[in-house]
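Enquirer: requesting a structural model of the entry that follows:
(one chain, ligands or ions: 1)
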Amino acid sequence: MGFFTFLKSRPIFWFSVTGTTVGLACGIKDLMQGGEFTTKTNETGRVVIVTGANTGIGKETTWELARRGATVYMACRDMNKCEEARAEIVKDTQNKYVYCRQCDLASLDSIRHFIAEFKREQDQLHVLINNAGVMRCPRSVTKDGFEMQLGVNHMGHFLLTNLLLDLLKKSAPSRIVNVSSLAHTRGEINTADLNSEKSYDEGKAYNQSKLANILFTRELAKRLEGTCVTVNALHPGIVDTELFRHMGFFNSFFAGLIFKPLFWPFVKSPRNGAQTSLYVALDPELEQVTGQYFADCQLQQPAPAATDVQTAKWLWAVSEKWTSSQILKVNSPKATEQ
Ligand SMILES: NC(=O)c1ccc[n+]([C@@H]2O[C@H](COP(=O)([O-])OP(=O)(O)OC[C@H]3O[C@@H](n4cnc5c(N)ncnc54)[C@H](O)[C@@H]3O)[C@@H](O)[C@H]2O)c1
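Expert: As a prediction, the model looks like this:
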């Protein structure tokens, strides 16, 4: 009996096999969505900044914060997209205290400008969510000469956070949330070529930037001891967002074609992907918790490389130097500087 004849002769069997497979996949998908942050909180009067808030995880995070009454600043690169997202959120939540402000993390000047404008409008900041990110893009550099993934994912947020520490301390108890990734487990801080000037691998550069997010979190937590400002990092899960678009047309097309269907049961919706950010930002039980790493709304152990105290100190010193130097605008920073 040929294969197709066999298929045709047992329709009920195949119907059951397909049904069971789809059912199992849906069950697995349900399980893989991770925890949901269901604790009711009222955020009225609390001021929050979310970077990269116009799409994906950042947009859903902003949406839920707005639902809970917070004053939310959407710190975004593209004002048109930001206004579009804001309009949708305001219409749904009726929260008028949602604002769009330009903040291009690939430009230290833009970050400083955003800070100056923000501080003119607000004298409080209760939560800073460093969410924006680019992934596996072909090599390019920021306005200040940083390799793009290092520059946006780590250096931009490093400067932004440091320039907001005064307000966060003044508004304490307050929180900083750094959206990292499970990709940090494959990361390594390349102390000989942090800025990928000698060689570039888009995957390694992304992993390095996400490892940097956790090292920054842990070093900052130490520096904030005794201040009632906490800082934690997280992995949001594998989330169906537009993050793949940075990989260029060819790669993102194939990632969409192969990766998404293959990993469908494990892929979260953006709304589910925002739950750990919301949990870390708002859960009352985490008021004292700092320097930790979370996933699926649970405390997790990061990779050993993310707990290396010496590397965290080295990265802090280099980041401080590179983001404070005006010379960076002209010359690409030297990766060997310490
Ligand atoms: N999607 C996933 O599976 C996944 C997994 C692990 C970690 N993450 C992390 O989650 C975060 C959010 O990503 P997402 O999945 O929602 O993707 P996304 O592409 O939908 O969102 C990223 C946001 O960052 C913004 N951004 C990029 N460059 C910027 C710049 N120079 N200045 C300001 N904003 C900039 C984008 O405009 C966008 O709004 C990222 O940090 C990402 O690394 C995502």
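
Enquirer: could you pull out the helices for this structure?
Expert: Using DSSP state H, the helices of the chain run over 3-9, 11-32, 56-67, 79-93, 108-121, 148-149, 157-170, 202-223, 249-254, 260-262, 270-273, 275-282, 309-324.

Enquirer: and the pLDDT at Ala114?
Expert: Just to correct that, residue 114 is Phe rather than Ala. Looking at Phe114, its pLDDT is 98.

Enquirer: for Ser319, same thing?
Expert: pLDDT, read off for Ser319, is 97.

Enquirer: next one: Phe254
Expert: 67.

Enquirer: same check, this time on Phe266
Expert: On the pLDDT scale, Phe266 gets 79.

Enquirer: wait, isn't it in contact with Asp240?
Expert: No. In this structure, Phe266 is not within contact of Asp240 by Cβ atoms under 8 Å, at 10.4 Å. Where you see a C-beta, it was placed from the backbone N, CA and C, and this is true even at glycine.

Enquirer: who has more neighbours out of the two?
Expert: Asp240 (18 against 13; other Cβ atoms under 10 Å).

Enquirer: what pLDDT is listed against that one?
Expert: Here, the pLDDT recorded for Asp240 equals 86.

Enquirer: and for the closest residue to it other than its chain neighbours, the neighbour number?
Expert: Once flanking residues are discounted, Asp240 sits nearest to Val267: 5.0 Å by Cβ to Cβ, 6 or more residues apart in numbering. Using other Cβ under 10 Å, Val267 is surrounded by 20 other residues.

Enquirer: show me which residues of the chain are close to the ligand?
Expert: 51-52, 54-58, 76-77, 103-106, 131-135, 152, 179, 181, 235-236, 238-239, 241-243 (Cβ under 6 Å from any ligand atom).

Enquirer: which of these fall within strands?
Expert: Using DSSP state E, the members of the residues of the chain next to the ligand that fall within strands are 51, 76, 179, 235.

Enquirer: of those residues, closest to the ligand?
Expert: Val179 (4.4 Å; Cβ to the nearest ligand atom).

Enquirer: what is the neighbour count of the closest one?
Expert: Counted with other Cβ under 10 Å, Val179 comes out at 28.

Enquirer: okay, and the beta partners of it?
Expert: Leu234 (DSSP bridges).

Enquirer: in contact with it, which residues?
Expert: By Cβ atoms under 8 Å, 6 or more residues apart in numbering, the residues touching Val179 are 57, 129-131, 133, 213, 233-234, 236, 277.

Enquirer: and the gap between the closest residue to Ser180 other than its chain neighbours and Ala233?
Expert: The shortest distance from Ser180 to any non-neighbouring residue, by Cβ to Cβ, 6+ apart, is to Asn213 (3.8 Å). Counting by Cβ to Cβ, to the nearest Å, the gap from Asn213 to Ala233 is 6 Å.

Enquirer: repeat that for Asp240.
Expert: 22 Å.

Enquirer: is it true that Lys170 touches His126?
Expert: No. Counting by Cβ under 8 Å, Lys170 sits too far from His126 to count as a contact (10.3 Å).

Enquirer: so for these two, which residue has more residues nearby?
Expert: When Lys170 and His126 are compared for neighbours, His126 comes out ahead with 22 against 12, by other Cβ under 10 Å.
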